[in-house]
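Undergrad: Show me how the following folds:
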Amino acid sequence: MHVKLTTSGGRRYVQLVESYRDEAGRVKKRTVATLGRAEQVDGSLDAVINGLLKITGREPMGAKPPAPTVSFESARSLGNVWALTELWRSLGFSGLRRVFRRTRRTTDVEALIRLMVLNRLCDPESKLGVLRWVQTVALPDFGPKAVTHQQLLRSLDALMDHQDEVDAVVAGLLRPLIDQDLSVVFYDLTTIRSEGLSQQPGDVRQYGMAKEGLIARQFMLGVVQTAEGLPIYHEVFDGNTAETRTLLPTLSKVLERFPSVQRLVLVADRGLLSLDNLEALKAVRLASGKPLEFIVAVPGRRYNEFVDLLEPFHEQQCAAATQEVISEHAWNDLRLVVAHDPVTAATKTEQRNARIDALIRQADQWTGKLTEQDEGVKHRGRKLSDSGAKARFYHAVSEA
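TA: Numbers count the residues shown, from 1 in each chain. The predicted structure follows:
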């Protein structure tokens, strides 16, 4: 069906015509309706046209198109991960790929390790959190199309299985960054609490003295760093390892990793000092044959070996001091630098006297209770015995 213009007597008419086939199959046309003269057709046909458009589901004539809608979709972050990936390459950490290429692992361990390192720098998360984070970033040069939780855990296992090879790569990258003529390194050990009660073969989670002064399940982390704050070695120890026993093994591994260092000055805090360690440190030699130098802190009040040396110094210079006093003494072929701060000393004295007073009050309470029990006075709770009071007081003094 279509519209046709016909002419009759000099006038043009608008007709609605349809095609059909007759009985013989020939195509013929017939007029369905005459809509009027062409020059007289005006807006009267608009209603007919709009009705037909409505039936076909289209917009009527003259209708304004709907206003365009704007929708926002989250874009993946690129800038930070791109910059860190370039830094990863420029520092040479891509060399880890050679370590794991020689193994039979089917996953790209280097890419997964890089993924977790970048997450730690951009948005620290758990391993499951890494799976969520990776959906929000556009990682350049990242091979795995999909990452699973098990793959992340297995990549960490791969680091442990090939620790020596990984350490060799990292040490090679760090050597040019370390001053060979004068290298000051700091060593410290910290405890990290651990939850859970499961027991695993070779578990480093052991019960030991935590930072809070309580016995807790934990492991210990030792870190060696340069004076500029660059970490060059770390090691995990069992949670019940004595701090003093970690110093020499860690130092030996650092010297083995960086044999070209010409001078090494070790700085450690007082928790790592023992007299045995001092003798062992004096015997350490660098690859060049030069002796190790060290600076180790020690609280003088804890070591009886310094009493005879420090008593005259305290009486002559510290007793009446109003500001910090620093002095140097010779002790066992070593330099003993002594510092006395009267403000700190007064604070410590006040704290110590308060603890002593509290212990005396507790002792008076227990002895008073024992005396009243002997006189027949009854108290709530269990009776206190002489041996029990003695043991409790002993533990109270030890803890204080």
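Undergrad: For the helix or strand containing Gly36, which helices and strands make contact with it?
TA: In the assignment (DSSP states H and E), Gly36 maps to strand 27-37. Packing partners of strand 27-37 (3 or more Cβ pairs under 8 Å, 6 or more residues apart in numbering; DSSP states H and E): strand 11-21. Placement of C-beta: from N, CA and C, glycine included.
Undergrad: quick one, helices of this protein?
TA: Per DSSP state H, the chain carries helices over the ranges 46-55, 79-91, 96-101, 109-122, 127-133, 149-161, 163-174, 247-257, 275-283, 307-313, 342-374, 386-399.
Undergrad: What is the third one packed up against?
TA: Okay, so that is helix 96-101. Secondary-structure packing of helix 96-101 (3+ Cβ pairs under 8 Å, 6+ apart): helix 109-122, helix 163-174.
Undergrad: what's in contact with that helix?
TA: Applying Cβ atoms under 8 Å, 6 or more residues apart in numbering, the external contacts of helix 96-101 come out as 109-110, 113, 158, 162, 165-166, 169.
Undergrad: Repeat the analysis, applying 6 Å as the threshold.
TA: With Cβ atoms under 6 Å, 6 or more residues apart in numbering as the test, helix 96-101 has contacts from 109-110, 162, 165, 169.
Undergrad: mind listing what's buried in it?
TA: Buried residues in helix 96-101, counted by 16 or more other Cβ atoms under 10 Å: 96, 99-100.
Undergrad: what's the closest non-adjacent residue to Ala210?
TA: In this structure, Ala210 finds its nearest non-sequential neighbour in Ala216, 4.1 Å apart by Cβ to Cβ, 6 or more residues apart in numbering.
Undergrad: Is the one you found in contact with Gln206, as I believe?
TA: No - the pair Ala216 and Gln206 does not pass the contact test of Cβ atoms under 6 Å, sitting 10.0 Å apart.
Undergrad: any shared contact partners between these two?
TA: Shared contacts of Ala216 and Gln206 (Cβ under 6 Å, 6+ apart): none.
Undergrad: circling back to that earlier point, tell me what angle the strand holding Gly36 forms with strand 11-21.
TA: Note on geometry: by axes from the mean of the first three to the mean of the last three Cα atoms, to 10 degrees, strand 27-37 and strand 11-21 are set 150 degrees apart in direction.
Undergrad: Show me what counts as buried in strand 27-37.
TA: Buried residues in strand 27-37, counted by 16+ other Cβ under 10 Å: Leu35.
Undergrad: which residues are in contact with it?
TA: 11, 13-19, 21-22.
Undergrad: Select only the buried ones of these in PyMOL?
TA: One line in PyMOL is enough to select the buried members of the contacts of strand 27-37, burial here meaning 16+ other Cβ under 10 Å:
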select buried, resi 13+14+15
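Undergrad: farthest pair in the contacts of strand 27-37?
TA: Arg11 and Arg21 (30.8 Å; Cβ to Cβ).
Undergrad: For Val337, name its beta-bridge partners.
TA: Glu328 (DSSP bridges).
Undergrad: related to what we said a few turns ago, the residue nearest to Ala210 and Arg105, how far apart?
TA: According to Cβ to Cβ, to the nearest Å, Ala216 stands 36 Å off from Arg105.
Undergrad: repeat for Thr69
TA: Counting by Cβ to Cβ, the gap from Thr69 to Arg105 is 49 Å.
Undergrad: ok, these two, which is more surrounded?
TA: Per other Cβ atoms under 10 Å, whichever of Thr69 and Arg105 has more neighbours is Arg105, with 16 against 5.
Undergrad: Once you drop chain neighbours, what's closest to the more buried one?
TA: Nearest residue to Arg105, sequence neighbours excluded (Cβ to Cβ, 6+ apart): Ala158, at 6.2 Å.
Undergrad: re the thing from before, and among the helices and strands packed on helix 96-101, the most buried is which?
TA: Most buried of the helices and strands packed on helix 96-101 by mean neighbour count (mean count of other Cβ atoms under 10 Å) is helix 109-122; its value is a mean of 19.
Undergrad: list the helices and strands that helix packs on?
TA: If you count contacts as 3 or more Cβ pairs under 6 Å, 6 or more residues apart in numbering; DSSP states H and E, helix 109-122 packs onto helix 79-91, helix 96-101, helix 127-133, helix 149-161.
Undergrad: Show me what the first one is packed against.
TA: This means helix 79-91. Secondary elements touching helix 79-91 (3+ Cβ pairs under 6 Å, 6+ apart): helix 109-122.
Undergrad: Could you quantify the relative orientation of the helix it packs on and helix 163-174 as an angle?
TA: If you take the same axes, to 10 degrees, helix 109-122 sits at 60 degrees to helix 163-174.
Undergrad: count of residues packed around Asp46?
TA: If you count neighbours by other Cβ under 10 Å, Asp46 ends up with 12.
Undergrad: quick one: pLDDT of the spatially closest residue to it that is not a sequence neighbour?
TA: Spatially, and ignoring its direct neighbours in sequence, Asp46 is nearest to Met61 (6.3 Å; Cβ to Cβ, 6+ apart). pLDDT for Met61: 71.
Undergrad: what do you get for Trp88?
TA: Here the pLDDT value assigned to Trp88 is 92.
Undergrad: Tell me who's in contact with it.
TA: Arg114.
Undergrad: circling back: format the helices and strands packed on helix 96-101 as JSON lines; extra columns: distance to Ile192 and mean pLDDT.
TA: Putting the helices and strands packed on helix 96-101 into JSON lines (distance: least, Cβ to Cβ, whole Å; pLDDT from 0 to 100) gives the following:
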{"stretch": "helix 109-122", "distance to Ile192": "16", "mean pLDDT": "93"}
{"stretch": "helix 163-174", "distance to Ile192": "19", "mean pLDDT": "87"}
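Undergrad: related to what we said a few turns ago, of all the buried residues of helix 96-101, which comes closest to Cys122?
TA: Distances from Cys122 to the buried residues of helix 96-101, taken by Cβ to Cβ, are shortest for Leu96, at 19.6 Å.
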